[in-house]
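Novice: Here's my sequence, what's the structure:
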Amino acid sequence: MRRILAILLILALAATVAAGQNAKKKKAPSRYGVSLTQQADGSWKADKKVTALLDGAKPEGFFEPYKGEPFFTEESIADVPCEEVVYKTYPDRKLVMYICRAVGVDGPAPVVCHIHGGGWRSGHPRGFVPKLKYIAKYCGLAGVSIQYSLEGQTDATISVTMQDLHDAVQYLRDHAAEYNLDTRHLAFCGHSAGGHLSAMMAMTEPDAKVLAGWAGPYDLVSELKYWKDGPSPAMQRYFHDGKIRQLRKFSPVNLVPKKRQVAVQLYQGTCDPLVHYTQALNFEKALKKAGQKTVECHIYEYYGHSINSVNCDKGSEVFFKSIQFVKEHIYD
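Specialist: Reported below is the predicted structural model:
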């Protein structure tokens with residue numbers, strides 16, 4: 001009997017420890033766009049890197065879970081069709097894009113091209129489809145969200161990814177009449193790695209008129225140094241072995257056009273553990289130095305990486321300001 005009781009006691013203690021560990025692993029967003037982890041005592045903490053970026057500050061509600069409201073209702077966009085098309089095929093994968101034609105527009109409509117984030121190694125364009133539908137219905141713009149080759153896929157490198165994106169734009173040109181698109185007036189937008197790729201496209205595509213970048217890295221040399229544990233071997237290979245010359249080649253901060261105007265709007269938070277906010281400041285400086293006339297850089301104090309998320313209290317503001325910016329400058 002004593003042996004059985006001892007075993008039961010051990011099992012009970014093990015269950016208690018496991019429960020405590022599970023409590024520690026519970027995650028929730030903060031309204032500041034940072035990820036929180038619940039501790040055994042029920043309190044919430046942020047990543048050590050985020051805490052260091054706070055530098056002793058204690059913003060109200062920073063360590064409290066937050067659940068935001070959708071930017072708009074599903075009913076408001078339910079009648080907007082969105083077509084999935086395959087624009088490029090590899091032996092082991094197909095790349096798709098989602099296209100929403102502008103609603104109620106006479107003649108070809110300018111195009112907002114969204115490029116998804118995910119650290120260059122994950123993510124999918126379908127998550128932006130509801131916003132595409134909103135853009136198509138209420139903004140007089142066509143909306144497109146583009147898939148691209150990811151780190152880890154066969155032969156994928158940053159060069160391959162960029163070629164995918166340029167091929168996607170060429171697909172839009174080739175099918176402009178079919179989808180009623182004005183491909184001479186393009187806007188690019190994206191978050192995180194998508195912000196980087198969107199900036200690359202805006203700096204290199206001759207028909208790009210506007211860029212909206214959300215928490216994106218624009219100088220890969222400094223960005224990879226900022227990563228907590230450095231880039232993985234696979235990520236090093238994706239970025240051509242991390243050679244400085246190659247990193248500079250694929251850094252938008254070094255590619256600002258001097259003979260073509262692009263209106264640029266950037267958003268960054270000062271407590272972003274993945275992309276330091278000076279990425280936006282330095283890109284802004286490079287843009288203005290090259291003669292770009294319309295540049296906005298919005299730095300949100302204490303905000304984190306998910307600054308455009310529904311679970312950030314600035315997410316709605318970022319989205320609607322960005323769309324308004326596109327509407328104002330797409331024909332500049």
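
Novice: Just name whatever secondary elements the helix or strand hosting residue 182 is in contact with.
Specialist: According to DSSP states H and E, residue 182 maps onto strand 181-191. Strand 181-191 sits against strand 109-115, helix 158-174, helix 193-204, strand 208-214, helix 315-329, with contacts defined as 3 or more Cβ pairs under 8 Å, 6 or more residues apart in numbering; DSSP states H and E. Every C-beta, even on glycine, is put in place using the N, C-alpha and C of the backbone.

Novice: Tell me the buried residues in it?
Specialist: Using 16 or more other Cβ atoms under 10 Å as the test for burial, strand 181-191 gives 181-183, 185-191.

Novice: Tell me which two of those sit farthest apart.
Specialist: Greatest spatial distance among the buried residues of strand 181-191 (Cβ to Cβ): 182 and 191, at 24.8 Å.

Novice: Surely residue 88 forms part of a strand?
Specialist: Yes - counting by DSSP: H, G, I helix; E, B strand; the rest coil, residue 88 is located in a strand.

Novice: Next one, pLDDT for the closest residue to it other than its chain neighbours please.
Specialist: Setting aside the residues directly before and after it, residue 88 is nearest to residue 95 in space (Cβ to Cβ, 6 or more residues apart in numbering), at 4.3 Å. With respect to pLDDT, residue 95 scores 98.

Novice: so residue 95 is in which element?
Specialist: Applying DSSP H and E as the criterion places residue 95 in strand 93-100.

Novice: partners of that strand in the sheet?
Specialist: Strand pairing for strand 93-100, determined by DSSP bridges: strand 83-90 (antiparallel), strand 142-146 (antiparallel).

Novice: what comes into contact with the shortest one?
Specialist: Translated: strand 142-146. 82, 87, 95, 97-102, 109-116, 125-126, 128-129, 131-133, 135-136, 164-165, 168, 172, 179-181 (Cβ atoms under 8 Å, 6 or more residues apart in numbering).

Novice: quick one: the strand holding residue 95 to strand 181-191, angle?
Specialist: Between strand 93-100 and strand 181-191, the angle comes out at 110 degrees (axes from the mean of the first three to the mean of the last three Cα atoms, to 10 degrees).

Novice: how many neighbours does residue 159 have?
Specialist: Residue 159 is flanked by 15 other residues according to other Cβ atoms under 10 Å.

Novice: circling back: pLDDT (mean, whole number) over the strand holding residue 182?
Specialist: When pLDDT is averaged over strand 181-191, the result is 98.

Novice: so how far is it off the chain centroid?
Specialist: The chain centre lies 16 Å from the centre of strand 181-191; the measure is Cα atoms, centre = their mean, to the nearest Å.

Novice: With stretch 64-78 instead?
Specialist: 18 Å.

Novice: send the alpha carbons of stretch 89-100 over as CSV?
Specialist: Provided in CSV are the C-alpha atoms of stretch 89-100 (Å, rounded to 0.1, in the frame of the first residue of the first chain):
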residue,chain,number,x,y,z
THR,A,89,5.7,26.5,-61.6
TYR,A,90,8.8,24.7,-60.4
PRO,A,91,9.3,20.9,-60.5
ASP,A,92,8.4,20.6,-56.8
ARG,A,93,6.1,23.6,-56.2
LYS,A,94,3.6,26.0,-57.7
LEU,A,95,3.5,29.7,-56.8
VAL,A,96,0.1,31.4,-56.6
MET,A,97,-1.2,34.9,-56.3
TYR,A,98,-4.6,36.2,-55.2
ILE,A,99,-6.2,38.9,-57.4
CYS,A,100,-9.2,41.0,-56.4
